[in-house]
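K.L.:
below are the sequence and a predicted model; questions follow.
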Amino acid sequence: MVRKSELPLFAAKGVKSFLKLAVLFLLLSALGAAQGLKLDLESKDNGCSYHKPGAQDVGLSLAFKELPLLKNKIFFARTVKINYADKVVELKDKLGSYPVDNVFPLSLDSYMSYTLSSQYQDNWRKNINLSLTQTQQGKRRSFFQFDIPVKFPSIVSKFIGEGGPSLKITGNRKISFSGRSNWTEGLVKTATYKPSKWPSLNMEQKYSFRINGNIGSKISVDVDQNSETTTDLANRIHLRYAGEEDEVLQSIELGNTNLTVGNSLVGYSQAIRGLFGIKATARVGRLGLTMITSQEKSSTQRTTFKAGSESAASYIRDYDYEERRFYYLGRSSALGHQINDFQPGDNLVEFELYKRSDSLYSTLPHGFACVDPKNPEQYLSESEYRVFGHIDREDYYVYRTMTRDTIRNTVTLPFVELPSSLGENAVLAYWAVIEHENGTQDTIGDLDFSIPEAESLRLVTDTTFLLKLLKPYDSRSVQVTWEYEWRNVYSLGSRNIEKDGLKINIYKGLNRPDYTNNTDPDQQNGVRYIQILGLDNIDQYGNKDTPDGVVDFDRIDFNKGLLFFPDRHPFGVDSLSEKIPEIYNTPKNNQFVQKLGEKSKYYI
């Protein structure tokens, strides 16, 4: 409150002060028109706080009062009170509902100076960022570089930074046409043969393009595609968000990415590359976070073997059999069981294959898969209670009969072949109808499993499948189903292999990364390993018991690129001086793969 005795003095000085303020406002108006400044005497964001930073792009930082994507219950508030009589400004701050004990007065001139300086700094920072962005975008501009005139909302601009989308496209596309005509002069035209000189046409397309640029100042785009690449890793899709240094969210990567594990905590350092997915890094104080969801892509190599052409060698360790792809359909004394689920002359007249559903929101009914559907409680600990989905018949092949030897194998037992390996934790089961040699039939499983039976096994009421189990969720060598899986089939690395030029041999040697200088032995006591392991029994004319040093063609599926050993455990047979039974009683998963590598002694 101003005292009455001071009114004349204030009135005398008020005119002079008013003129000064008028001149200052005119000056600020001119500056505002030129620089885009706006001055508010009661502004609550004028840089006059000793603990609050100036305004800048907040992104996802916890250091600011505005968080567009994160909820923050602590709000900063400022109250500005101007006493025009004494030309004094009082500032009061609050954090949420709690007052901050920092009430301090400022002269009106100092307050206006702070405000003007703060707005100058904000505009200078924005102009510098915009200038740098425009400079970078202006470099190496091409005819196919586009600046998209889109103005984002302020909340979006705070997240992606200054500037709009700008993309640069480079690349090429080649389309070639060719034709060829073959005919023989002098051939007579008949009803079944009509020679023609019209050429057969062929079209080939090749393309290569790259798109790079940015969306704002924080998001970059990089897409590289080429039709002639041999692996998925060569084609790249990469989107990256880069946050400010003091933001919680430091980066987001979409597309091709990698994961690096440091050695400060886990005791080793490893870089995992060839990942495709989403990776995000964040930092809260000294705590660094890395989050990733992706699928791993690996490089592949395919070789076509042709006579007279340049050959390429590949090496297969003894434990690298085709896992989780071939399965016998039941128990047999030939597999070490005490009971035979099939008898000579049996034939599968109906067969349905089922696999555990991986969907979290599956509407499929539950199924109960067990070793013996006729006695479900016998091996209850090995049973699987899951949601099962039906596998299309085009996605597998089943060998239904026992009247002949199964393909390239000494065990005569029906089996199923899958087009590729199952996942480590997949569950496989089936329902079938068997016709015996005398014409009678038996059913394996039940596709209309009644509720009373389900309740006796403590299952839910929507259990409608009773199936015979082939592969449980976690396979172990002590389980009845362990020997169902084939472990004597090896992939040769390619399909549709030509017979001429293919050479297969087996050596004894340690597991190592380089086989270029191969001096490892391929025989034992003068007998080659391919003969000891039953791969070479006949000569090229079909004469039995006359090995010729070449793997018999009936052991190879040239179309599928598979090599079949006659014994179920080829590198565990007694005829080898050093056998490796661990290959056939150890689960082939990430936990034991190092152990198998250490035990390995042979390679193909």
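P.N.:
Sure, I can see it. Residues are numbered from 1 along each chain as shown.
K.L.:
alpha carbons only for contacts and neighbour counts from here, please
P.N.:
OK.
K.L.:
is it true that residue 568 touches residue 487?
P.N.:
Yes. Using C-alpha atoms under 8 Å, residue 568 is in contact with residue 487, at 6.2 Å.
K.L.:
the more surrounded of those two?
P.N.:
Per other C-alpha atoms under 10 Å, whichever of residue 568 and residue 487 has more neighbours is residue 487, with 24 against 20.
K.L.:
so that one sits in a strand?
P.N.:
No. Counting by DSSP: H, G, I helix; E, B strand; the rest coil, residue 487 is not found in a strand; it is coil.
K.L.:
so who does it touch?
P.N.:
Contacts for residue 487 were tallied using C-alpha atoms under 8 Å, 6 or more residues apart in numbering; they are 321, 322, 323, 568, 569, 584.
K.L.:
what's around the second one, how many residues?
P.N.:
As a burial measure, the neighbour count of residue 322 was computed by other C-alpha under 10 Å and equals 18.
K.L.:
now do the SS call for it.
P.N.:
Using three-state DSSP, the secondary structure recorded for residue 322 is coil.
K.L.:
quick one: average pLDDT of the lengthiest helix in the chain?
P.N.:
Secondary structure of the chain per DSSP state H: the longest helix is helix 108-138. Throughout helix 108-138, pLDDT has a mean value of 78.
K.L.:
how about stretch 470-479?
P.N.:
90.
K.L.:
now do stretch 94-101
P.N.:
pLDDT averaged over stretch 94-101 gives 72.
K.L.:
list the buried ones in it?
P.N.:
For stretch 94-101, burial by neighbour count (16 or more other C-alpha atoms under 10 Å) applies to residue 94.
K.L.:
tabulate the CA atom coordinates of that stretch in CSV.
P.N.:
Provided in CSV are the C-alpha atoms of stretch 94-101 (Å, rounded to 0.1, in the frame of the first residue of the first chain):
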residue,chain,number,x,y,z
LYS,A,94,5.0,-24.0,-6.4
LEU,A,95,5.7,-27.7,-7.1
GLY,A,96,2.3,-29.3,-7.2
SER,A,97,0.5,-28.0,-4.1
TYR,A,98,3.6,-27.2,-2.2
PRO,A,99,5.0,-23.7,-2.2
VAL,A,100,8.7,-23.2,-2.8
ASP,A,101,10.3,-21.0,-0.3
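K.L.:
how about low-confidence regions in the stretch 401-550 of the chain?
P.N.:
For the stretch 401-550 of the chain, the stretches flagged by pLDDT under 70 are 402-411, 450-463, 513-517.
K.L.:
just the strands in it please.
P.N.:
Remark: strands assigned in the stretch 401-550 of the chain by DSSP state E, counting those that start in this stretch are 415-417, 428-435, 441-444, 463-471, 489-491, 507-508, 523-524, 527-528.
K.L.:
what sits up against the third one?
P.N.:
Where contact means C-alpha under 8 Å, 6+ apart, the residues beyond strand 441-444 that reach it are 373, 374, 431, 432, 433, 434, 435, 467, 468.
K.L.:
can I see the domain layout of this structure?
P.N.:
When the chain is parsed with automatic domain parsing, its domains come out as 54-139, 326-484, 487-604.
K.L.:
nearest to residue 314, of those domains?
P.N.:
domain 487-604 (7.8 Å; C-alpha to C-alpha).
K.L.:
what's the end-to-end length of that closest one?
P.N.:
15 Å (C-alpha to C-alpha, to the nearest Å).
K.L.:
check stretch 381-396 too.
P.N.:
28 Å.
K.L.:
other residues contacting that stretch?
P.N.:
Contact with stretch 381-396 is made by 352-357, 362, 364-371, 416-419, 427, 459, 469, 472-473, 479, as judged by C-alpha under 8 Å, 6+ apart.
K.L.:
so among these, which ones count as buried?
P.N.:
Applying 16+ other C-alpha under 10 Å to the contacts of stretch 381-396 flags 352-357, 364, 366-371, 416-417, 427, 459, 469, 472-473 as buried.
K.L.:
could you name the specific helix or strand carrying residue 253?
P.N.:
Using DSSP states H and E, residue 253 sits in strand 249-261.
K.L.:
likewise residue 175?
P.N.:
Counting by DSSP H and E, residue 175 is part of strand 165-180.
K.L.:
what comes up buried for the following helix or strand past that strand?
P.N.:
Next in sequence after strand 165-180, counting helices and strands by DSSP H and E, comes strand 200-215. Within strand 200-215, the residues that qualify as buried are 208, 210, 211, 212, 213, 214, 215, counting by 16+ other C-alpha under 10 Å.
K.L.:
relative to strand 165-180, how tilted is whatever helix or strand comes next after strand 200-215?
P.N.:
Of the helices and strands lying after strand 200-215 in sequence (DSSP H and E), the nearest is strand 219-226. Put simply, strand 219-226 runs at 10 degrees to strand 165-180, going by axes from the mean of the first three to the mean of the last three C-alpha atoms, to 10 degrees.
K.L.:
quick one: strands adjacent to strand 219-226?
P.N.:
As defined by DSSP bridges, the strand partners of strand 219-226 come to strand 200-215 (antiparallel), strand 236-242 (antiparallel).
K.L.:
would you list every one of the helices in the protein?
P.N.:
Here the chain has its helices, by DSSP H, at 7-35, 108-138, 154-160, 451-456, 529-532, 593-599.
K.L.:
buried residues, the second one. List them.
P.N.:
Right, helix 108-138. In helix 108-138, counting by 16+ other C-alpha under 10 Å, buried: 108, 111, 112, 114, 115, 116, 118, 119, 129, 130, 133, 137.
K.L.:
then stretch 80-87?
P.N.:
For stretch 80-87, using 16+ other C-alpha under 10 Å, the buried residues are residue 82.
K.L.:
and that stretch, average pLDDT?
P.N.:
Averaging pLDDT along stretch 80-87 yields 81.
K.L.:
end to end, how far does stretch 369-376 reach?
P.N.:
Span of stretch 369-376 from end to end, C-alpha to C-alpha: 8 Å.
K.L.:
spatially nearest residue to residue 540, not counting backbone neighbours?
P.N.:
Nearest non-adjacent residue to residue 540, counting by C-alpha to C-alpha, 6 or more residues apart in numbering: residue 548, 7.5 Å away.
K.L.:
list the contacts of the one you found.
P.N.:
536, 537, 538, 539, 540.
K.L.:
with residue 552 instead?
P.N.:
Going by C-alpha under 8 Å, 6+ apart, residue 552 touches 535, 536, 537, 538, 539.
K.L.:
from those residues, which would you call buried?
P.N.:
When the contacts of residue 552 are checked for burial by 16+ other C-alpha under 10 Å, the buried set is 535, 536, 537, 538, 539.
K.L.:
JSON lines for the residues you listed, including distance to residue 255?
P.N.:
Below are those laid out as JSON lines (distance: C-alpha to C-alpha, whole Å):
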{"residue": "535", "distance to residue 255": "45"}
{"residue": "536", "distance to residue 255": "48"}
{"residue": "537", "distance to residue 255": "52"}
{"residue": "538", "distance to residue 255": "53"}
{"residue": "539", "distance to residue 255": "53"}
